[in-house]
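*Asks:* No letters, just coordinates:
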């Protein structure tokens with residue numbers, strides 16, 4: 001009996017050692033800024049494809065002074081006057097910005113959006129910055145000073161390893177560790193390191209967790225699930241019914257809970273219709289996993305990665321304003337859910353035409369027989385009616401935020417109070433809310449803030465500045481890398497926690513390359529797209545809990561799950577990258 005415990009201890013020790021080694025290695029690689037004299041270089045790109053550098057020096061620290069340089073360049077045979085300004089940075093501190101502006105008197109021979117600002121430190125480490133804003137004849141650069149980056153790098157590197165090993169070390173432990181470590185190492189600016197654990201984003205999730213319990217308590221969840229029985233008259237109707245209904249309920253509760261809710265209903269239908277050992281049942285179970293996962297894309301509360309992405313955008317890119325809300329998430333989330341539904345149906349038809357050819361006629365006959373034996377629907381109870389009224393009240397508060405101005409987190413707490421006051425949620429059930437996910441989300445938001453404040457995220461994006469001329473290719477790389485990360489990391493929530501801060505600076509490069517109105521818009525859109533691409537990953541039993549749940553029934557083969565998941569996930573990611581960017585760019589402010 002002692003052997004399993006010994007094996008577990010060995011696994012924990014190995015994961016911790018790898019985490020420490022990764023953190024140390026990353027902290028050794030990342031540069032940091034110190035007081036001293038820096039070399040600056042503004043690179044102007046002409047319409048002739050040539051680069052025209054302007055070289056100067058400036059100080060950071062107590063000796064720093066405002067620097068202004070004027071130089072005339074000859075571009076395409078025309079004289080172009082360039083005026084460069086670099087405001088003094090006298091104090092190295094978390095969140096401090098290094099800014100520079102370049103103004104040209106003639107833009108006809110200059111590609112202003114392709115201008116670069118290269119900074120070389122006294123230690124000869126070079127950083128390349130892209131514009132955050134281009135307006136008329138002026139280009140603006142602004143990036144966070146690299147301060148406490150080594151401390152942030154250590155915690156980030158070690159936390160990523162620990163999150164990947166969440167099956168060995170619970171992610172709650174990793175979450176608390178990352179926040180405490182950042183605070184103790186001085187990389188966290190907040191006086192209370194756990195402030196973001198009760199941010200608007202976390203409050204929304206708490207309300208969503210309560211929402212889930214109310215659906216179960218009042219029987220509304222079972223009423224939605226039982227509607228599947230009326231749709232089980234043919235193979236296609238059973239598959240689509242399972243996908244759509246599990247997806248719809250996953251708008252409001254976790255993907256995992258939606259899967260657990262529908263699994264006994266689907267299993268009962270299969271047993272009563274005598275199709276438990278058919279390829280149809282196998283594909284319907286895969287449809288349950290993909291439907292529950294796809295439904296999470298539709299609303300901001302549908303799955304924790306959505307809330308992590310939205311929270312990061314609101315807190316770190318828009319200064320705490322509610323920019324990504326319940327209502328505007330629907331504008332891109334709902335189309336993605338509809339795309340996922342149509343794509344799942346087509347994938348099912350193609351696969352069942354091959355896999356179920358021998359059984360199709362018999363299975364169809366059995367389902368028709370089953371559908372004739374449906375039980376009459378039950379009358380709505382007062383408890384169900386009250387439960388429906390309370391959840392509709394909360395949803396209406398979320399959807400109409402732009403009208404009444406109540407933030408989604410506050411609206412969620414109002415909804416929670418109404419749930420408790422009406423009795424559809426019991427006080428003793430407060431302990432059953434998903435506090436572990438709240439802790440994970442709080443830690444993710446805190447880590448994201450630190451990576452932005454220390455300049456680590458900006459440094460991480462340096463490798464992608466060479467793709468400034470291929471912004472669409474970079475966006476597609478982001479999408480597919482995010483999906484692959486989601487495929488191999490068993491928690492999409494853990495994946496989103498470190499994807500968001502990485503994607504923000506990459507988004508600024510995409511914004512510059514595409515000529516978007518602001519770098520902030522590019523960063524926000526890239527995070528939203530990356531998070532949604534993570535949600536397309538269901539191809540392996542380890543990809544997401546719904547996949548693991550249906551695989552655990554013993555009725556789903558890995559090759560079936562993988563084939564469906566790869567077809568559905570890859571095409572879904574492609575369609576997301578084709579459609580979502582334009583929707584998001586048109587909805588979010590610059």
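*Replies:* Arrived safely, thanks for sending. Remember, it's a predicted structure, so these values are computed and weren't measured experimentally. Numbers count the residues shown, from 1 in each chain.
*Asks:* all contacts plus neighbour counts: C-alpha atoms, from now on.
*Replies:* Noted.
*Asks:* Against residue 138, how distant is residue 103?
*Replies:* Residue 103 sits 4 Å away from residue 138 when distances are taken as C-alpha to C-alpha, to the nearest Å.
*Asks:* go on, residue 90?
*Replies:* 25 Å.
*Asks:* So which of these two has more stuff around it?
*Replies:* residue 138 (18 against 15; other C-alpha atoms under 10 Å).
*Asks:* from the chain's centre, how far out does the lowest-mean-pLDDT helix or strand in the chain sit?
*Replies:* Taking mean pLDDT, DSSP states H and E as the measure, the helix or strand of the chain with the lowest value is helix 220-226, at a mean of 74. Put simply, helix 220-226 sits 29 Å off its chain's centre (C-alpha atoms, centre = their mean, to the nearest Å).
*Asks:* Tell me which residues are up against the helix or strand following it.
*Replies:* Using DSSP states H and E, the helix or strand that follows helix 220-226 towards the C-terminus is helix 235-249. Helix 235-249 is touched from outside by 221, 224-225, 228, 231-232, 258-259, 262, 266, 280, 283-284, 287-288, 290-296, 341, 345, 348-349, 363-364, 367, with contacts defined as C-alpha atoms under 8 Å, 6 or more residues apart in numbering.
*Asks:* In helices, which of the residues you listed appear?
*Replies:* 221, 224-225, 258-259, 262, 266, 280, 283-284, 287-288, 290-296, 341, 345, 348-349, 363-364, 367 (DSSP state H).
*Asks:* and those, which are buried?
*Replies:* Taking 16 or more other C-alpha atoms under 10 Å as the criterion, what is buried in the ones in helices among the contacts of helix 235-249 is 221, 225, 258-259, 262, 266, 280, 283-284, 287-288, 290-296, 341, 345, 348-349, 363-364, 367.
*Asks:* Which of the residues in the host helix or strand of residue 484 are classified as buried?
*Replies:* Element membership for residue 484 (DSSP H and E) is helix 471-488. Within helix 471-488, the residues that count as buried by 16+ other C-alpha under 10 Å are 471-472, 474-476, 478-480, 482-488.
*Asks:* next one: stretch 560-575
*Replies:* Of the residues in stretch 560-575, 560, 561, 562, 564, 565, 566, 568, 569, 570, 571, 572, 573 count as buried by neighbour count, 16+ other C-alpha under 10 Å.
*Asks:* and the helix or strand containing residue 457, what does it pack onto?
*Replies:* In the assignment (DSSP H and E), residue 457 maps to helix 456-460. On a contact count with 3 or more C-alpha pairs under 8 Å, 6 or more residues apart in numbering; DSSP states H and E, helix 456-460 meets helix 149-164, helix 492-514.
*Asks:* Mind doing that once more with 7 Å?
*Replies:* helix 492-514 (3 or more C-alpha pairs under 7 Å, 6 or more residues apart in numbering; DSSP states H and E).
*Asks:* Determine which two of the buried residues of stretch 560-575 are furthest apart.
*Replies:* Spatial extent of the buried residues of stretch 560-575 (C-alpha to C-alpha) is set by the pair 560 and 573 at 19.4 Å.
*Asks:* and the helix or strand containing residue 140, how far out from the chain's middle?
*Replies:* Assigning secondary structure by DSSP H and E places residue 140 in strand 138-144. Chain-centre distance of strand 138-144: 26 Å, with C-alpha atoms, centre = their mean.
*Asks:* do stretch 296-304 as well
*Replies:* Here stretch 296-304 is found 10 Å from its chain centre; the criterion is C-alpha atoms, centre = their mean.
*Asks:* same question for it, mean pLDDT?
*Replies:* The average pLDDT within stretch 296-304 is 86.
*Asks:* Which residues does it contact?
*Replies:* The contact list for stretch 296-304, computed with C-alpha atoms under 7 Å, 6 or more residues apart in numbering, reads 205, 208, 250-255, 295, 306-307, 326, 329-330, 333-334, 336-337, 493, 532, 535.
*Asks:* Name the residues linked to residue 73 by a beta bridge.
*Replies:* In this entry, residue 73 is beta-bridged to residue 80, by DSSP bridges.
*Asks:* Counting neighbours, what do you get for residue 264?
*Replies:* 12.
*Asks:* Quick check: the gap between it and residue 540.
*Replies:* Applying C-alpha to C-alpha to residue 264 and residue 540 gives a distance of 22 Å.
*Asks:* do the same with residue 126
*Replies:* Here residue 126 is placed at a distance of 41 Å from residue 540 (C-alpha to C-alpha).
*Asks:* Tell me which of the two has more neighbours.
*Replies:* Neighbour count, other C-alpha under 10 Å: between residue 126 and residue 540, residue 540 has more, with 22 against 17.
*Asks:* Strands along the stretch 1-150 of the chain, start to end?
*Replies:* With DSSP state E, counting those that start in this stretch as the criterion, the stretch 1-150 of the chain has strands at 36-45, 51-60, 67-75, 78-86, 97-104, 116-120, 126-129, 133-135, 138-144.
*Asks:* Which positions in the shortest one come out as buried?
*Replies:* Meaning strand 133-135. Buried residues in strand 133-135, counted by 16+ other C-alpha under 10 Å: 133, 134.
*Asks:* how far does that strand sit from the chain's center?
*Replies:* On C-alpha atoms, centre = their mean, the centre of strand 133-135 falls 28 Å from the chain's centre.
*Asks:* partners of that strand, with directions?
*Replies:* According to DSSP bridges, strand 133-135 forms sheet pairs with strand 138-144 (antiparallel).
*Asks:* Not counting its own residues, what contacts the strand it pairs with?
*Replies:* 95-104, 112, 129-134, 453-455.
*Asks:* pLDDT weak spots in the chain?
*Replies:* Across the chain, residues meeting the criterion (pLDDT under 70) sit at 1-4, 166, 225-226, 373-377, 463, 465-468, 488-491, 494.
*Asks:* Tell me which helix or strand the residue nearest the centre of it sits in.
*Replies:* With distances taken as C-alpha atoms, centre = their mean, the residue of the chain nearest its centroid is residue 531 (2.8 Å). Residue 531 is part of helix 519-534, with elements assigned from DSSP H and E.
*Asks:* Could you list every helix and strand in contact with that helix?
*Replies:* If contacts are counted by 3+ C-alpha pairs under 7 Å, 6+ apart, helix 519-534 sits against helix 304-312, helix 471-488, helix 492-514, helix 558-587.
*Asks:* All good on my end, thank you.
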